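**Student:** Pasted the sequence and its predicted model underneath.
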Amino acid sequence: MRMSSIDALLSLLDDPDPRVQESLHSRLAGDMALLDRAWQAAIERGDPPAALVEMVLRADAEALVDAFAEVENLEAGAWLLPRLDLPRRDYRTPGAASLDAIAQRLGGERDGGAIALFLCRDCGFSGARREYEQPENSYLPALLERRIGLPIALTVLWMLIGRRLGIECEAIALPGHVVGRWRGGFVDLYEGGKAVSRTELDARARAVGETSAQPYLAPASDRALLRRMARNLVHAYVRRADRLRATIAHGLATA
């Protein structure tokens with residue numbers, strides 16, 4: 001199909017007539033090559049129509065879940081998750097470059113506590129205080145751009161910087177909260193990278209009905225962290241009444 005015809009098709013995606021939309025959906029769903037060409041043209045324009053994004057999400061859902069299921073590495077999985085927001089985008093290349101740049105600014109001879117303070121005080125990363133459950137707060141690319149995120153996203157960022165510097169950084173997944181741990185103790189990236197004591201962790205656990213934090217002090221695996229991030233996205237998209245993305249996120253969380 002000629003590009004002029006693709007342009008016409010894209011313009012029709014903004015037509016509010018449900019009959020037009022139904023016809024377009026049927027045509028694109030039955031012709032993956034046409035859908036691919038329409039998507040590429042829309043991306044080149046810079047802002048693909050929401051209707052087209054939904055169609056591509058549906059077409060790619062199974063492949064995305066399968067790819068996520070095979071990932072064991074935290075960073076690789078973190079670049080897959082935002083394809084729930086915008087599919088088929090390369091988040092890994094620019095994202096990894098951003099993480100490399102942050103690590104280079106830190107230089108050597110650093111520890112987990114210093115990394116946490118650098119991220120929060122020097123780089124301006126902070127916990128999401130308003131609209132806490134928005135999907136953007138779970139996505140690593142959005143965190144790098146906006147400097148705002150959930151506790152788990154901030155802790156993952158801290159871990160990935162630590163890995164680049166050869167420093168062992170772990171995530172401790174408490175009920176309702178995630179903190180970091182390194183050989184010098186615990187740090188809470190959501191609270192400005194401050195050091196936290198075991199007593200404080202126990203108090204957090206008791207606040208949600210647990211007797212202590214002890215059952216949760218084993219470091220969370222990369223896979224467990226990725227699944228928890230996906231579960232957060234399920235809740236975020238349910239709150240937005242975005243059934244398609246909530247369903248795909250559930251597939252990721254259970255993969």
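**Tutor:** Okay, I see it. Residues are numbered from 1 along each chain as shown.
**Student:** Now the top helix by length along the chain: average pLDDT?
**Tutor:** Criterion DSSP state H: the longest helix present in the chain is helix 50-70. In this model, helix 50-70 has an average pLDDT of 95.
**Student:** Can you tell me which helices and strands the helix or strand just after it packs against?
**Tutor:** Heading C-terminal from helix 50-70, the first helix or strand you meet, by DSSP states H and E, is helix 74-80. Judged by 3 or more Cβ pairs under 8 Å, 6 or more residues apart in numbering; DSSP states H and E, the packing partners of helix 74-80 are helix 50-70, helix 92-106, helix 140-146, helix 151-164, helix 222-239. Bear in mind the C-beta positions are built from the backbone N, C-alpha and C, glycine included.
**Student:** Among those, which comes closest to Gly30?
**Tutor:** helix 50-70 (11.0 Å; Cβ to Cβ).
**Student:** How about that closest one, which residues are buried there?
**Tutor:** 51-53, 55-61, 64-65, 67-68 (16 or more other Cβ atoms under 10 Å).
**Student:** relative to helix 222-239, how tilted is it?
**Tutor:** 150 degrees (axes from the mean of the first three to the mean of the last three Cα atoms, to 10 degrees).
**Student:** Quick one: low-confidence residue ranges for this protein.
**Tutor:** 1-4 (pLDDT under 70).
**Student:** still on that earlier bit, output the buried residues of helix 50-70 as JSON lines; include the columns distance to Val187.
**Tutor:** Listed next are these as JSON lines, based on distance: Cβ to Cβ, whole Å:
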{"residue": "Ala51", "distance to Val187": "44"}
{"residue": "Leu52", "distance to Val187": "42"}
{"residue": "Val53", "distance to Val187": "37"}
{"residue": "Met55", "distance to Val187": "43"}
{"residue": "Val56", "distance to Val187": "39"}
{"residue": "Leu57", "distance to Val187": "36"}
{"residue": "Arg58", "distance to Val187": "40"}
{"residue": "Ala59", "distance to Val187": "41"}
{"residue": "Asp60", "distance to Val187": "37"}
{"residue": "Ala61", "distance to Val187": "36"}
{"residue": "Leu64", "distance to Val187": "32"}
{"residue": "Val65", "distance to Val187": "33"}
{"residue": "Ala67", "distance to Val187": "31"}
{"residue": "Phe68", "distance to Val187": "28"}
